[in-house]
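Novice: what follows is a predicted protein model with its sequence.
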Amino acid sequence: NIGPKNILFGVYDRSYLTADVPSYFPGVGAGQSGGRVDQLPAWAWAVGYTRILTPTLTNEMHVGMIHSDKLQVSVWGDDFGSAACTGTVAPGPGTCNIPLEYGIQGVPQVAGNGGLPIINIGGLRGLGIGNYSPTLQYVWSLEGVDAVTKVWRNHAFKTGIQVDDLEGNISQPPQGRGDMSFNGQYTDISNKNSSLNGISDMLLTPINYEYGVGTGVNLVGGQNGFSASNIPVTDDHRWYIGAYFQDDWKVNPKLTLNLGLRWDLFTPYTETRGYQSNFVPVGGNGATATFYIPNQSCQTPRATIFNTVAALSNINISCSSNAALGNAQKTNFAPRVGFAYKLRPMLVVRGGFGTAYGALANPGYGGTLGLNYPFGYTQTIPSPDSNHPLLAGSSNAPATLENTFNNFNFSNPAVLQSPTPYTTTPVTCPSGNSCDGGQYIGSDYLGATLNGRQPDYHTPLIQTENFTVEDQFTSHDALQVGYVD
């Protein structure tokens, strides 16, 4: 207390948690889980000041900030470079290319992305660093609140405002090193795969059909599918603003009313550099759609084939002056009504009804607009069937352990490649779903997903009501019965 009319409050807190998470396998094999260091530093502070202006007028002010980081990096994440590693590699930092030591080409070599890609092997435990690694998340929020209380006759008026400035920056590539899958379909009985021969498909080199009788399909073998993502960085920001007015009115000695109204505004999260896009089907699930990109980033290079496939799929690409690619609901008025009535000196009934809006829950990173092409995207490339190979890129070579990712460029959206048939020219196959020696699925297929968010966002709300009867039937005993909905 500074004085009888001034009260100052302050608090500061800091925490730092570090955990070593062991991997399933020792060494660079990892086993797709663990093998990382988790660091969770956080700090927070708050200050408050209360000023008693007059016996009936008080002002309270609070300001606070929270900063929380989540850093999860593989112990091999900082082992990266252009030259192949040799011999036993120690956990980073290092300057050599771990995948290249095993003949695996094309895995992006940048900070945090070192180590083997995911290698799924039918019948065996897979190898590689787990997906969504590294996770580099930095979140902070700054909040200011001011409230005024005025007592006038038999009323206690309260009014106030709250403003929250929220920022969340994250890099968490879904498949930054890529995923490869060998399920054994090419070395098992045709069309009767038991998913136990994955190691055979991985180790055997696909060759041309060499029998002297009849015809066959060349180069059958390799992967049954692969996928990979670029390495996006997303900086999301949003605001929350709330204001309220409340009147606690003592109507008479027996009846007190609580009358209030609150207004809330939750803005949509917005990528601060415009690195987001929004896929909006007509009517929510219609046959046509619009793919919105902010004007700020609408000139980001896109692959010609993306524009072509979008047009074939009745998707209009539109540059938008709305950086958030969505509109906040501005009519979030929430009334609250309550009462207390004394039936007898020891018998009181209370009741109330209220509406509350809320839209600050953490949706997670997956499915957000920052993970949309051309800013953050994942391509999934499946094989057609067990009788035809999955061909990698324009070289039309079988997708093997060694040559897949050097034939596909997952880092540059301007060279987005189509797995089927690697060209913008539509292909028609005699069977309708398979091309001899190829992997045709459809001329409008890119193996990429698009995320969407409702453009005119409706803020979630809840409404509650309650009614309570309380009887103090002795000087030290009371019975209370209530209903809450």
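Specialist: Looks like it came in fine.
Novice: going forward, measure contacts and count neighbours with C-alpha atoms only.
Specialist: Will do.
Novice: for the helix or strand residue 343 falls within, buried residues please.
Specialist: Mapping residue 343 onto the secondary structure by DSSP states H and E places it in strand 332-344. Using 16 or more other Cα atoms under 10 Å as the test for burial, strand 332-344 gives 332, 333, 334, 335, 336, 337, 338, 339, 340, 341.
Novice: now do stretch 13-28
Specialist: 23, 24, 25, 28.
Novice: alpha carbons of that stretch, as CSV, please.
Specialist: The C-alpha trace of stretch 13-28 is given here as CSV (Å, rounded to 0.1, in the frame of the first residue of the first chain):
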residue,chain,number,x,y,z
ASP,A,13,7.4,-15.7,-12.5
ARG,A,14,9.9,-17.7,-14.5
SER,A,15,10.2,-21.4,-15.3
TYR,A,16,12.6,-23.5,-17.4
LEU,A,17,12.0,-27.1,-18.1
THR,A,18,14.4,-29.2,-20.1
ALA,A,19,13.8,-32.9,-20.8
ASP,A,20,15.9,-35.5,-22.7
VAL,A,21,13.6,-37.9,-24.6
PRO,A,22,15.4,-41.1,-25.6
SER,A,23,14.9,-42.6,-29.0
TYR,A,24,13.5,-46.1,-29.8
PHE,A,25,16.8,-47.1,-31.5
PRO,A,26,20.3,-46.0,-30.6
GLY,A,27,22.3,-43.9,-33.2
VAL,A,28,20.9,-42.3,-36.3
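Novice: now that stretch: how far from the chain's centre is it?
Specialist: Relative to the chain's own centre, stretch 13-28 is displaced by 22 Å; criterion: Cα atoms, centre = their mean, to the nearest Å.
Novice: residues contacting it, please?
Specialist: 30-45, 76, 89, 98, 115-116, 128 (Cα atoms under 8 Å, 6 or more residues apart in numbering).
Novice: which of those are buried? Put it as a ChimeraX command.
Specialist: Typed into ChimeraX, the line below selects the buried ones among the contacts of stretch 13-28, using 16+ other Cα under 10 Å:
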select :30,31,32,33,34,35,36,38,39,40,41,42,44,76,98,115,116,128
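Novice: picking that back up, can you give the strand pairings for the strand holding residue 343, parallel or anti for each?
Specialist: strand 255-266 (antiparallel), strand 347-357 (antiparallel) (DSSP bridges).
Novice: quick one: which of the contacts of stretch 13-28 sit in helices?
Specialist: The helices, defined by DSSP state H, take in residue 98 from these.
Novice: so which of the contacts of stretch 13-28 are in strands?
Specialist: 36, 37, 38, 39, 40, 41, 42, 43, 44, 45 (DSSP state E).
Novice: redo those residues as JSON lines? Include pLDDT and distance to residue 103.
Specialist: As requested, these are exported to JSON lines (pLDDT from 0 to 100; distance: Cα to Cα, whole Å):
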{"residue": "36", "pLDDT": "93", "distance to residue 103": "24"}
{"residue": "37", "pLDDT": "92", "distance to residue 103": "27"}
{"residue": "38", "pLDDT": "95", "distance to residue 103": "30"}
{"residue": "39", "pLDDT": "96", "distance to residue 103": "33"}
{"residue": "40", "pLDDT": "96", "distance to residue 103": "36"}
{"residue": "41", "pLDDT": "97", "distance to residue 103": "38"}
{"residue": "42", "pLDDT": "97", "distance to residue 103": "41"}
{"residue": "43", "pLDDT": "97", "distance to residue 103": "45"}
{"residue": "44", "pLDDT": "98", "distance to residue 103": "48"}
{"residue": "45", "pLDDT": "98", "distance to residue 103": "51"}
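Novice: nearest to residue 3 among those?
Specialist: Residue 3 lies nearest to residue 45 out of the ones in strands among the contacts of stretch 13-28, by Cα to Cα, at 23.3 Å.
Novice: from residue 7, how far out is the closest one?
Specialist: Using Cα to Cα, to the nearest Å, residue 45 is found at 17 Å from residue 7.
Novice: again with residue 128
Specialist: 58 Å.
Novice: what sits against residue 207?
Specialist: So residue 207 contacts 218, 219, 220 (Cα under 8 Å, 6+ apart).
Novice: dump the residue contacts of the last one.
Specialist: With contacts defined as Cα under 8 Å, 6+ apart, the neighbours of residue 220 are 186, 206, 207, 208, 387, 388, 389, 398.
Novice: sort out for me which of those are in strands.
Specialist: Using DSSP E, those in strands are residue 398.
Novice: got the contacts of residue 220 as JSON lines, with distance to residue 264 and pLDDT columns?
Specialist: What follows is the contacts of residue 220, written out as JSON lines (distance: Cα to Cα, whole Å; pLDDT from 0 to 100):
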{"residue": "186", "distance to residue 264": "59", "pLDDT": "91"}
{"residue": "206", "distance to residue 264": "62", "pLDDT": "88"}
{"residue": "207", "distance to residue 264": "65", "pLDDT": "86"}
{"residue": "208", "distance to residue 264": "67", "pLDDT": "85"}
{"residue": "387", "distance to residue 264": "59", "pLDDT": "84"}
{"residue": "388", "distance to residue 264": "57", "pLDDT": "83"}
{"residue": "389", "distance to residue 264": "56", "pLDDT": "86"}
{"residue": "398", "distance to residue 264": "57", "pLDDT": "85"}
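Novice: for the contacts of residue 220, which single residue is the most surrounded?
Specialist: residue 389 (30 neighbours; other Cα atoms under 10 Å).
Novice: for that residue, which non-adjacent residue is spatially closest?
Specialist: residue 220 (4.7 Å; Cα to Cα, 6 or more residues apart in numbering).
Novice: got the phi/psi numbers for the one you found?
Specialist: phi -70, psi 130 (degrees, to the nearest 10).
Novice: quick one: mean pLDDT over the helix or strand where residue 19 lies.
Specialist: In this assignment (DSSP H and E), residue 19 forms part of strand 6-21. Averaged across strand 6-21, the pLDDT comes to 95.
Novice: again, but for stretch 220-233
Specialist: The model assigns stretch 220-233 a mean pLDDT of 91.
Novice: which parts of that stretch are buried?
Specialist: 220-233.
Novice: please enumerate the helices of the stretch 151-300 of the chain.
Specialist: Assigned by DSSP state H, counting those that start in this stretch, the helices in the stretch 151-300 of the chain fall at 198-203.
Novice: residue boundaries of the strands in it?
Specialist: 155-171, 179-182, 225-229, 234-252, 255-266, 270-271, 278-281, 289-294 (DSSP state E, counting those that start in this stretch).
Novice: nearest spatial neighbour of residue 167, skipping sequence neighbours?
Specialist: Spatially, and ignoring its direct neighbours in sequence, residue 167 is nearest to residue 237 (4.5 Å; Cα to Cα, 6+ apart).
Novice: scratch that, residue 314
Specialist: residue 288 (5.0 Å).
Novice: distance of the one you found relative to residue 330?
Specialist: 28 Å.
Novice: now stretch 292-311: average pLDDT?
Specialist: 89.
Novice: return the distance of it from the chain's centre.
Specialist: 22 Å.
Novice: buried stuff in that stretch?
Specialist: 292, 293, 294, 296, 297, 298, 302, 305, 306, 309, 310.
Novice: can I get it as CSV, trimmed to CA atoms?
Specialist: Provided in CSV are the C-alpha atoms of stretch 292-311 (Å, rounded to 0.1, in the frame of the first residue of the first chain):
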residue,chain,number,x,y,z
TYR,A,292,-8.0,-16.8,-51.2
ILE,A,293,-4.5,-15.4,-50.9
PRO,A,294,-3.8,-12.0,-49.2
ASN,A,295,-2.7,-9.2,-51.6
GLN,A,296,0.4,-8.9,-49.5
SER,A,297,1.7,-12.3,-50.6
CYS,A,298,-0.4,-13.0,-53.7
GLN,A,299,2.6,-12.7,-55.9
THR,A,300,4.4,-15.6,-54.2
PRO,A,301,5.4,-17.9,-57.1
ARG,A,302,3.0,-20.7,-57.8
ALA,A,303,3.6,-23.7,-60.0
THR,A,304,1.7,-23.5,-63.3
ILE,A,305,0.4,-27.0,-62.7
PHE,A,306,-1.3,-25.8,-59.5
ASN,A,307,-3.2,-23.1,-61.3
THR,A,308,-4.1,-25.6,-64.0
VAL,A,309,-5.3,-28.3,-61.5
ALA,A,310,-7.3,-25.6,-59.6
ALA,A,311,-9.1,-24.6,-62.8
